[in-house]
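>>> model this:
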Amino acid sequence: QVQLVESGGGLVQPGGSLRLSCVASGSIFSVNHMGWYRQAPGKQRELVATITSDGSTNYATSVKGRFTISRDNAKNTLYLQMNSLKPEDTAVYYCNADIETWVGTTAYWGQGTQVTVSS
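Numbers count the residues shown, from 1 in each chain. Coordinates of the predicted model:
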């Protein structure tokens, strides 16, 4: 059984920072492509940032220069450092990972962590 568990969300003022973490656990052979997505109320889930197993990154235009995605392969952990937060960054943030187990490679999602940017 594989699980992705996010943490680090919360309430922050505009201009503030938060760091999200996502830990993959279970019977894992390897963790490949990983990413962060978010979903604001009444909107579709959207890509925030992705990172490959060798560290290549991709960002949504709206977060480029403010957010940094990184990973620790030894710990099967994904991070998202969010700086200069804006009210429009308010959303539930989800971790996604392509994980190889004995049955093959499957895309997994975490349960989400709420980020609220408000004064």
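>>> C-alpha from now on. contacts and neighbour counts both.
Fine.
>>> Can you tell me which residue is spatially central in this protein?
Centroid-nearest residue in the chain, with CA atoms, centre = their mean: residue 36, separated by 2.9 Å.
>>> Return the distance of the spatially closest residue to it that is not a sequence neighbour relative to residue 14.
Distance criterion CA to CA, 6 or more residues apart in numbering; nearest residue to residue 36, sequence neighbours excluded, is residue 95 at 4.8 Å. With the distance defined as CA to CA, to the nearest Å, residue 95 ends up 23 Å from residue 14.
>>> Settle it for me: which of these two has more neighbours?
residue 95 (29 against 17; other CA atoms under 10 Å).
>>> wait, what's in contact with the more buried one?
By CA atoms under 8 Å, 6 or more residues apart in numbering, the residues touching residue 95 are 4-6, 22, 34-37, 109-112.
>>> Counting only strands, which of these make the cut?
Those of these mapping onto strands are 4-6, 22, 34-37, 109, per DSSP state E.
>>> Which one of these is nearest to residue 78?
residue 22 (5.0 Å; CA to CA).
>>> For beta bridges, what are the partners of that closest one?
Judged by DSSP bridges, the bridge partners of residue 22 are residue 6, residue 78.
>>> And for residue 98?
Legend: beta-bridge partners of residue 98 under DSSP bridges are residue 107.
>>> Pretty sure it sits against residue 109.
No. Using CA atoms under 8 Å, residue 98 is not in contact with residue 109, being 9.2 Å away.
>>> Same drill for those two, tell me which one is more crowded.
More crowded of residue 98 and residue 109, by other CA under 10 Å: residue 109, with 21 against 17.
>>> so the more buried one touches residue 4, yeah?
Yes. Judged on CA under 8 Å, residue 109 makes contact with residue 4 at a distance of 6.3 Å.
>>> In contact with the residue lying closest to residue 94 once chain neighbours are set aside, which residues?
Nearest residue to residue 94 in three dimensions, chain neighbours excluded: residue 112, at 4.4 Å (CA to CA, 6+ apart). By CA under 8 Å, 6+ apart, the residues touching residue 112 are 5-6, 92-95.
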